[in-house]
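**Student:** need a structure here:
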Amino acid sequence: MPDNELVDKFVSGDMNSLELLINRYRKQVYTYIFLLVKNQHLAEDVFQDTFIKVIKSLDGGKYRDNGKFLAWVLRIAHNLVIDHYRKERQLNATCREDFGMDILNSRKYAVKPSEDMMIDRQIRKDIRELIDYLPEEQKEVLILRQYCELSFKEIADHTNVSINTALGRMRYALINLRRMVKERNLTLTAS
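**Tutor:** Numbers count the residues shown, from 1 in each chain. Predicted coordinates:
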């Protein structure tokens, strides 16, 4: 069932349709948030706040269907992350602790020898650290494309830029990542 039909059903009082929407996009929204905050507990809090805001916005008639439900939800999540760090900055507190949660972990790694798993984990950690050095625009496009699996059209809509600009930011993000890998003499393969 398309997103717009599920939204209409929820607005009409069908709570199951909201559950379907949340389950449809749970992984992408959580991954996006986690890659921004790098803290499991904070990511879970922001994830919950995101869908609370989604519910309130839908109930208040603030969502206009334009076929971009996921982009709209990710924008809400992004704004909540920004709000969190603004409040944190005002309190002069920092909370960007990495608990080492492996967001890229999947069952396919479970059958690998532990040495290979350690190498894979280190490679993913190195890549996450390199991504942090990218300019914000490049980092956002890379995260939306690689981790949230959005199309470049969806990324362009989400970031309010043209598709060519989104493509260009992705291209420069990859160029910068390759440059940083070379400068740091990193090996990003298991062999």
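
**Student:** Would you mind giving the secondary structure of residue 161?
**Tutor:** State at residue 161, reduced to three classes by DSSP: H, G, I helix; E, B strand; the rest coil: coil.

**Student:** burial of it, as a residue count?
**Tutor:** 16 (other CB atoms under 10 Å). For the C-beta atoms, the positions are set from N, CA and C on the backbone; glycine is no exception.

**Student:** could you give the mean pLDDT of the helix or strand hosting residue 28?
**Tutor:** Here residue 28, judged by DSSP states H and E, is contained in helix 15-37. Mean per-residue pLDDT for helix 15-37: 90.

**Student:** For the helix or strand just after that helix, name the packing helices and strands.
**Tutor:** Downstream of helix 15-37, the first helix or strand assigned by DSSP H and E is helix 40-59. Judged by 3 or more CB pairs under 8 Å, 6 or more residues apart in numbering; DSSP states H and E, helix 40-59 is in contact with helix 3-11, helix 15-37, helix 69-90.

**Student:** Distance to residue 56 and mean neighbour count for the ones you listed - can I get that in TSV?
**Tutor:** Output for those, formatted as TSV (distance: least, CB to CB, whole Å; neighbours: other CB atoms under 10 Å):
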stretch	distance to residue 56	mean neighbour count
helix 3-11	12	16
helix 15-37	12	18
helix 69-90	10	17
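
**Student:** and residue 176, what does it touch?
**Tutor:** When contacts are counted by CB atoms under 8 Å, 6 or more residues apart in numbering, residue 176 touches 133, 134, 135, 138.

**Student:** mind running it again at 7 Å?
**Tutor:** Going by CB atoms under 7 Å, 6 or more residues apart in numbering, residue 176 touches 134, 138.

**Student:** From residue 170, how far off is it?
**Tutor:** The gap separating residue 176 from residue 170 is 11 Å, by CB to CB, to the nearest Å.

**Student:** cool, and residue 24?
**Tutor:** In this view, residue 24 and residue 170 are 25 Å apart by CB to CB.

**Student:** again, but for residue 66
**Tutor:** Counting by CB to CB, the gap from residue 66 to residue 170 is 23 Å.

**Student:** Show me the chain divided up by domain.
**Tutor:** Taking automatic domain parsing as the domain assignment, the ranges for the chain are 1-101, 102-191.

**Student:** Is residue 165 in a helix, a strand, or coil?
**Tutor:** helix.

**Student:** Run through who's touching stretch 12-24.
**Tutor:** The contact list for stretch 12-24 (CB under 7 Å, 6+ apart) reads 3, 6, 9, 10, 51, 55.
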